[in-house]
Each structure stands twice: as C-alpha cells, then as structure tokens.
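Novice: My questions concern the predicted model and sequence given below.
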Amino acid sequence: MRFRRTISQDELRRAQTEEQREQYATTYQASRGGHFPAPTRPVPGERKDRERR
C-alpha cells in the first residue's frame, strides 16, 4: 500500500463545514507581507458594547 504525497486543497475544503471555513478565513495584506486573519467588521444596525466611564 502506498500513501499519497499531498492532499488536494479541494478535498480539504470539502471536508470542512462552512463555520470552520469562516473561523480560519484569511486575507492577503501586502503591507504586512502575507495572509493574516480577516479583521472583524461591524454589523450595520448593531449597537456597540462600550463601557461607561
């Protein structure tokens, strides 16, 4: 029996759920020199959780 050398990216994507793909999503940022986790974006209409001083 012989093992494969690599697993294709398509096969890895099919094995993940949509939640897992969102959790590990990255974006390319040239200023930082590579792929990094996507910044969190505010949801329109949602209140901000701010602490009172």
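Specialist: Sure thing, it's come through.

Novice: number of nearby residues for Ser8?
Specialist: Residue neighbour count, defined by other Cβ atoms under 10 Å, stands at 9 for Ser8. For the C-beta atoms, the positions are set from N, CA and C on the backbone; glycine is no exception.

Novice: I misspoke; the intended subject was Gln29.
Specialist: Gln29 - counted by other Cβ under 10 Å - has 13 other residues nearby.

Novice: Likewise for the one 3 residues further on?
Specialist: Number of residues near Arg32 (other Cβ under 10 Å) recorded here: 8.

Novice: ok, now which ones touch it?
Specialist: With contact set as Cβ atoms under 8 Å, 6 or more residues apart in numbering, Arg32 has no partners.

Novice: Now it: phi and psi?
Specialist: phi -100, psi -10 (degrees, to the nearest 10).

Novice: gap between the closest residue to Phe36 other than its chain neighbours and Pro37?
Specialist: Using Cβ to Cβ, 6 or more residues apart in numbering and skipping the chain neighbours, the partner closest in space to Phe36 is Gln29 (5.4 Å). Counting by Cβ to Cβ, to the nearest Å, the separation of Gln29 from Pro37 is 10 Å.

Novice: show me the contacts for the closest residue to Pro39 other than its chain neighbours.
Specialist: Distances taken as Cβ to Cβ, 6+ apart put Thr27 closest to Pro39, at 7.8 Å, once the chain neighbours are dropped. Residues near Thr27 by Cβ under 8 Å, 6+ apart: His35, Phe36, Pro37, Ala38, Pro39.

Novice: circling back: isn't the residue nearest to Phe36 right up against Ala38?
Specialist: No. Counting by Cβ atoms under 8 Å, Gln29 stays clear of Ala38, with 9.7 Å between them.

Novice: Does Tyr28 lie in a helix or a strand, and which?
Specialist: Under the criterion of DSSP states H and E, Tyr28 resides in strand 26-29.
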